[in-house]
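Enquirer: Quick one: sequence and predicted model below, then my questions.
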Amino acid sequence: MQKFLTVLSAFFIMLCLGGVYAWSVFVPGLMAEYNFSSFQTQLIFGSIIAVFPTTMLLAGILEKKLKPVTMGMISAALFTMGYLLAGFSNGNFWMVLFGIGILSGVGTGFGYLVSLTTPVKWFPEKKGLITGIAAAGFGLAAVVLSFLAETLLDQGRDVLHIFTKVGLGYGLVIFLLSFFLKAPSSAVSGHRVDVRYFFKSKSFVKLLFGIFFGTFAGLLVIGSLSPIGEVYYIDGHVLVVGVSVFAVANFLGRLSWGMVSDYLNTEIVIFSALTLQAVSIFLLGFLHLTEFSYIVLSAMIGFGFGANFVLFAKETSHLYGIANLGIVYPYVLLGYAVAGIVGPVTGGVLYDITGSFNTAIYIAAFMSMMGAILFLIRVKTSSKSTKSL
């Protein structure tokens, strides 16, 4: 029973933490009511994306010393404090930036790591499926928080008031669910990564660049998905539906790709997912979009994009062992942290220069295909990269 409680708790903790991807819902209110610039709103969002994977480096070290429940409590405390600070900021940009961009970002890093690594220790034979379930919660979170936030905004609630509610409500849920996060007593066995040789590992370099290429492409597109549709005069309601479809497909992709990877070679599955993402993105720029094709391509891109957050974690645990997932994967995820800043910015700059999204779209498709091709290259894991505990 405990192993199933751990998986469910991890899923719902991720469902709270992943609300960061609903940030765009809060942007209009911050700009209209508190005179935030577009740059300021995106700096806050970019800070979260950069801070939480970076924090996982520290969390990965502490994971060996602290119990999962303690890691979860740290996550809940920092997440709550961050949103409360923003809620009581009176619209001060620096307080919102520090509260949500830094404090909640650090809290998200602790919660993400423990929710990803703890459940898989119970199911070593189903690493893909269990990783997919945990990551799927993070992917679905944007849909849930967007709905809740839009409901409160429609009722006339102030955006800072919503920050307070999110901090208290979500923080309490994370805190309570932390008590159900437990690792099996046998989880400490295995081999430990030797940091002297780790960064020289070709397998690690492939994972790092693979997730960078894959997430760069997806983040570039999702950041401009609605404006791309506007070029073809697609109805505003359909544009909103397209973003929601992307999010739901992202959720389903995390589950599906993880499940498939338990039965097929993970490198082949990564190649397939990134190829699907590359082809779908290419068609987004190549076709004259209709409402139907816009929705279909949004779903295809989202489905392929979701694989990035499951398959690279699965392959990391396969190459370096489940016991080392919390140590190695945060370094792999640094590729995503860089992509989170570079991808959307590249799309915006290229549009400003060319007046068209096509150049950015084709670059995104090329990057995704580069990531796919990486996993046709076979490399051997160095025997020096691990050592017995």
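Expert: Right, received. Where do you want to start? Worth saying up front: this structure is predicted, and the values here are computed from it rather than measured.
Enquirer: secondary structure element for the nearest residue to residue 51 once chain neighbours are set aside?
Expert: In space, not counting the residues next to it along the chain, residue 51 is nearest to residue 105; the distance is 3.1 Å by C-beta to C-beta, 6 or more residues apart in numbering. For the C-beta atoms, the positions are set from N, CA and C on the backbone; glycine is no exception. Taking DSSP states H and E as the definition, one finds residue 105 inside helix 104-122.
Enquirer: Extract the C-alpha set from that helix and format it as PDB.
Expert: In PDB, the C-alpha atoms belonging to helix 104-122 read as follows (Å, rounded to 0.1, in the frame of the first residue of the first chain):
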ATOM      1  CA  SER A 104       9.100  29.300  -4.900                       C
ATOM      2  CA  GLY A 105      11.600  28.300  -7.600                       C
ATOM      3  CA  VAL A 106      13.800  26.800  -4.900                       C
ATOM      4  CA  GLY A 107      10.800  25.100  -3.300                       C
ATOM      5  CA  THR A 108       9.800  23.700  -6.700                       C
ATOM      6  CA  GLY A 109      13.300  22.200  -7.200                       C
ATOM      7  CA  PHE A 110      13.200  20.300  -3.800                       C
ATOM      8  CA  GLY A 111       9.600  19.100  -4.500                       C
ATOM      9  CA  TYR A 112      10.300  18.100  -8.100                       C
ATOM     10  CA  LEU A 113      13.300  16.000  -7.200                       C
ATOM     11  CA  VAL A 114      11.800  14.100  -4.300                       C
ATOM     12  CA  SER A 115       8.600  13.500  -6.200                       C
ATOM     13  CA  LEU A 116      10.500  12.100  -9.200                       C
ATOM     14  CA  THR A 117      13.100  10.000  -7.500                       C
ATOM     15  CA  THR A 118      11.200   8.500  -4.500                       C
ATOM     16  CA  PRO A 119       8.400   6.600  -6.300                       C
ATOM     17  CA  VAL A 120      10.700   5.000  -8.900                       C
ATOM     18  CA  LYS A 121      12.600   3.300  -6.000                       C
ATOM     19  CA  TRP A 122       9.500   1.200  -5.300                       C
END
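Enquirer: model confidence over it, on average?
Expert: The predicted model assigns helix 104-122 a mean pLDDT of 92.
Enquirer: go on, stretch 152-160?
Expert: The pLDDT scores in stretch 152-160 average 90.
Enquirer: and it, how far out from the chain's middle?
Expert: 26 Å (C-alpha atoms, centre = their mean, to the nearest Å).
Enquirer: Repeat that for stretch 269-282.
Expert: In terms of C-alpha atoms, centre = their mean, the centre of stretch 269-282 is set 18 Å apart from its chain centre.
Enquirer: before we move on, back to that, run through the neighbouring helices and strands of the helix holding residue 105.
Expert: Packed against helix 104-122, as judged by 3 or more C-beta pairs under 8 Å, 6 or more residues apart in numbering; DSSP states H and E, are the following elements: helix 2-17, helix 38-62, helix 68-87, helix 127-154, helix 325-332.
Enquirer: ok, and what's touching the second one?
Expert: The contact list for helix 38-62 (C-beta atoms under 8 Å, 6 or more residues apart in numbering) reads 20, 23, 26-27, 30-31, 71, 93, 96-97, 100-102, 104-106, 108-110, 112-114, 326-331, 333-334, 336-337, 340-341, 344.
Enquirer: thinking again about what came up before, how close does the residue nearest to residue 51 sit to residue 46?
Expert: Distance, residue 105 to residue 46, by C-beta to C-beta, to the nearest Å: 10 Å.
Enquirer: So between the two, which is more surrounded?
Expert: The residue with more neighbours, out of residue 105 and residue 46 and counting by other C-beta atoms under 10 Å, is residue 105; that gives 25 against 18.
Enquirer: which ones are touching that one?
Expert: Contacts of residue 105 were listed using C-beta under 8 Å, 6+ apart, and they are 47-48, 50-52, 55, 82.
Enquirer: Farthest pair within those?
Expert: Farthest-apart pair in those is 50 and 82; separation 14.8 Å (C-beta to C-beta).
Enquirer: more crowded one of those two?
Expert: For residue 50 versus residue 82, neighbours defined as other C-beta under 10 Å are more numerous around residue 82 (27 against 19).
Enquirer: so what's the more buried one scoring on pLDDT?
Expert: The predicted local distance difference test score for residue 82 is 97.
Enquirer: hang on, isn't it packed against residue 102?
Expert: Yes - at 7.2 Å, residue 82 and residue 102 qualify as touching, with contact defined as C-beta atoms under 8 Å.
Enquirer: Any figure for the gap between residue 278 and residue 300?
Expert: Spatial separation of residue 278 from residue 300 under the definition C-beta to C-beta is 11 Å.
Enquirer: So for the two, which sits in the more crowded spot?
Expert: Each of residue 278 and residue 300 has its neighbours counted (other C-beta under 10 Å); residue 278 has more, 25 against 21.
Enquirer: Kindly reformat the contacts of residue 105 as a markdown table containing distance to residue 207.
Expert: Formatted as a markdown table, these follow (distance: C-beta to C-beta, whole Å):
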| residue | distance to residue 207 |
| --- | --- |
| 47 | 25 |
| 48 | 23 |
| 50 | 19 |
| 51 | 21 |
| 52 | 18 |
| 55 | 19 |
| 82 | 30 |
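Enquirer: ok, of those, which one's closest to residue 265?
Expert: Nearest to residue 265 among these: residue 52, at 29.9 Å, using C-beta to C-beta.
Enquirer: Show me where the stretch 151-300 of the chain dips below the pLDDT cut-off.
Expert: Judged against pLDDT under 70, the low-scoring parts of the stretch 151-300 of the chain cover residues 186-197.
Enquirer: just the helices in it please.
Expert: With DSSP state H, counting those that start in this stretch, the ranges of helices along the stretch 151-300 of the chain come out as 159-178, 195-198, 202-222, 225-231, 236-261, 266-286, 291-306.
Enquirer: Nearest approach to residue 15 belongs to which of those helices?
Expert: Residue 15 sits nearest to helix 159-178 of all these, at 8.5 Å, using C-beta to C-beta.
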